[in-house]
Every structure is written in C-alpha cells, then in structure tokens.
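Predicted coordinates and the sequence they were generated for:
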Amino acid sequence: MEGKANNKYSNLPAGWEMKRLKDVAINCGDYGANAPALPYKAGDIRYIRITDIDDYGHLISDDKASLDETIAQNYLLKDNDILFARTGDTVGKSLLYKSSMGRSAYAGYLIRFTLDEKQILPDYFDAIAKSDIFEAFKISMKRIGAKPNINSREYGIFRFPVPLNLGEQKEIAKLFTKVDEAIASVQNSIAAAERLKKSLMQNLLTGKMKPDGTFRTPEEFYIDEKFGKVPVGWEVKRIDEISERITDVIDPTKTKEVYDYIGLEHIVPDKFIRCGKGLSNETVALKVKFEKGDLLYGKLRPYLNKVFISDISGVGSTEFIVLRNNDFTNWIYLNFQLQRFLDYTKSMTAGTQHPRASWKDIKHYLVCIPKNEIERKMIEGKLLSLEKFRFSQQELVITHEHLKRSLMQNLLTGKIRVEHFINN
C-alpha cells in the first residue's frame, strides 16, 4: 500500500528521491495528551487541539485553551515539530509548530513528528503535507466503511519526492513562505475587521454609540430593571418574545420526499455552502425542518457564533436551532444580536469538552432594539459593510491558497525547478 499512491513520481529529476516520513523523522510519531482543556489565561501553556488548526494548516488565534502545567511537561512542542490529525473528518490536517506561537502542548487526537533537519527542512515538508501528494496518500489509506483514521505507523510510510540538496529545498520553501506571508497579511486584515465589528456590536447594539459614531450622554438613557441602561426610544425584548423556535423533525428513511440539506459540516467562515438535493435521504439521522427566511444557528462548537438567515427551505442537522419570525420583522438586526450573545456563550464555555448553546440558554436573552426603523437600518449598514469587507478578504485568501496549490503541484514534484522562478 505504501508505494501505490506515489508510482506517478517515478520519473524524478536527478538529485531527487522518494523518501518515507519515518526515514526523515527522528521519532516514530508521538501521541498527544489525553486530558481536558482548561480556560486559557495569559502565560499559560497553550493546549493545541484539532479544532485549533484551520483547513489550511494555520493556528487559529481564537478560542485558546490551556493544559495543566504538570501534564503539559510531557507534551511540550519544540520548534519545527509537525502535528497531524489522526482521526475523524479532519484526519490528515497538519500544523508546523513554530516557537513564535508560544509555549504549547498538543492533544491526544494529534500525532507529532520531529524531522531530521540534516535530511529535510521542516518548511519544505510542511509544503508537502499540504499538497496533492499528501492528499493522494490520505485517500489511499482510507478503509471502506470505517471511520477515517491514520495512525503513527501509517503516517510513517507516507512517501514523497524530495531534492537531496537542502539548498534547493530552502529555495522552494521560500517561495511558499512568500505566498504564506501574503495570506497572513490578508488574514490580519480579517482579524482587524473582526475586532472592529465586535467593538461596534458591543456599542451599537446596546445603544451606547449612535450610528454616527458619537456616544450617548447619561441623560439619553432610561433604566430597565432587567437590562439596565436603555436608550430613550429603544425597547427591551426576550428572544422568545420576538421569535418562535421550530422543532419539526423528520426521519429521512421514512419519507420519499427529497429535501435540500444544510449540515454543520457545510459551514465555512461566516457563510454556508449547501449540499445538493437528496443528501438528507442517505442518512438515518433525524433532521430538523426549516423554511426560507428562518434563522438558524449552530449550538455546538466550533459553530457557536455562526448565525444564518436561510434563503431556501429544507432540512438541517439537529445541532441547529431554528427560529421563525414571530412579530419582529428585522432578522438582520436579530442576527447581529445573536452573534453577540453566542460570542459571549462561547467565551463562557471555553475549555469544556463539548461546549454548546441550548434553547434554554438563549430564549430569555434580552436584546435592546431601536423603535426607529431608520436608526436600526443605519446600525445594520455599518455592521454589514464590515462583513462585506471581511467576505472579500476571505475570497482573497482562497485565491492565494489556489495559487499555492498550483505551485506545489509543479515545484514539489520537480516538474518545474526552482531556478526557473529565481531567474525570472
């Protein structure tokens, strides 16, 4: 099995060879800590879990957790260690750890390899681990009918092309570093927009700040016994007063009707991608029904702060809570209010094993609403403009990632030598 996925790399340039991961690593693949995460505080050892690594192999800055100091000592990461996810839908996801990420330990669903840098540069291997070469290996290791899983021994037999000259490896890695730096720059812009959005949500959605950017004076508030300070001309409502929770469920195996389906797995940052018709009938799991215009939010991490207004009717994962318009007509405003609440819920559940927000958690949540529709729309406009900017930046990240993958296909197989890029 170990050579099957790599036969097409038999015609390598002179000075290149096929190597196995176990031949260029100084360990056999170490498993991480099987211990609960703790709420993170500045100065703690960060606990890196599968959910802390994004689909592109970058460390996510949000939702940090820590690990008990005593336990962490046996799982501390060293500069240039590479981590692989070993099970589930994220199997094969990887992260090249750098000491600049701060003191960190790794969790049990991750496997660590330490590379022999006299044979292979970690940054070169990091590119290999994110390439189609590795993707082909992953596919070759799948077991029919079994939950996706790759153990340390199986990772060890992964074969890949590599130039024996470390200088050539370095130049190839440098090209990918330039692309990664461009991606990081865009991601910093996204993070800045997210911070600004959260700040504006905190001030605009409570009425502390007016849509023109000025702050209200104390005389412009009245006191609500449950909510506290409320701007004059605003009202306070519970979520269950302005929306109706929908709990209609179906068993897809007992109906011939075909539905559009939305699952948690279809959520990408700040938007969702729908599957095609019929998927809901291929699983025995119960599904919750929703209509066009209903508001959906995921109640299980990492989807706790994802809120969507559906543009279709269909069925979804029961890990969604579905809300239907009652007598409140402005879902966009409520969408932002729920994002603010769910961000708070997410911070309160940090470190728990399966954090979630239930209807019981949210139905009594108080939201502050301007009665003046013009003011409400101005607030929405400010927040929507930030979301539009963030979406455009996320599309730019995807474009850069596609460029990087194209470079990988050619440079990491020796089809195009690095000198071509150096000399042009």
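Okay, I see it. Because the structure is predicted, anything quoted here is derived from the model rather than measured.

where does the stretch 151-300 of the chain have low pLDDT?
By pLDDT under 70, the weakly predicted segments of the stretch 151-300 of the chain are 265-285, 300.

Same check on the stretch 301-424 of the chain?
301-307, 327-329, 342-356, 420-424.

all helices of it, in order?
With DSSP state H, counting those that start in this stretch as the criterion, the stretch 301-424 of the chain has helices at 331-348, 359-362, 373-411, 418-422.

for the chain, same thing?
For the chain, applying DSSP state H gives helices covering 21-24, 69-72, 122-129, 132-140, 152-156, 166-204, 239-242, 331-348, 359-362, 373-411, 418-422.

before we move on, back to that, out of the helices of the stretch 301-424 of the chain, nearest to residue 237?
Of all the helices of the stretch 301-424 of the chain, it is helix 331-348 that lies closest to residue 237, at 9.5 Å by Cβ to Cβ. C-beta here means a position set from N, CA and C on the backbone, and glycine is covered the same way.

Adding distance to residue 97, write the helices of the chain out as a markdown table.
Output for those, formatted as a markdown table (distance: least, Cβ to Cβ, whole Å):
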| stretch | distance to residue 97 |
| --- | --- |
| helix 21-24 | 16 |
| helix 69-72 | 14 |
| helix 122-129 | 9 |
| helix 132-140 | 17 |
| helix 152-156 | 16 |
| helix 166-204 | 15 |
| helix 239-242 | 41 |
| helix 331-348 | 25 |
| helix 359-362 | 35 |
| helix 373-411 | 20 |
| helix 418-422 | 25 |
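
Pick out the residue nearest the middle of the chain.
A centroid search over the chain (Cα atoms, centre = their mean) returns residue 54, at 4.9 Å, as the residue closest to the centre.

For the closest residue to that one other than its chain neighbours, grab the count of nearby residues.
Excluding its sequence neighbours, the residue lying closest to residue 54 (Cβ to Cβ, 6 or more residues apart in numbering) is residue 60, at 5.5 Å. Using other Cβ atoms under 10 Å, residue 60 has 14 neighbouring residues.

one step back: the residue nearest to the centre of the chain against residue 62, yeah?
No. Residue 54 is not in contact with residue 62 according to Cβ atoms under 8 Å; the separation is 10.4 Å.

follow-up on the earlier one: buried deepest among the helices of the chain, which one?
Among the helices of the chain, ranked by average contacts under mean count of other Cβ atoms under 10 Å, first place goes to helix 122-129 (a mean of 23).

Mind giving me the packing neighbours of it?
strand 82-85, strand 94-96, strand 159-163, helix 166-204 (3 or more Cβ pairs under 8 Å, 6 or more residues apart in numbering; DSSP states H and E).
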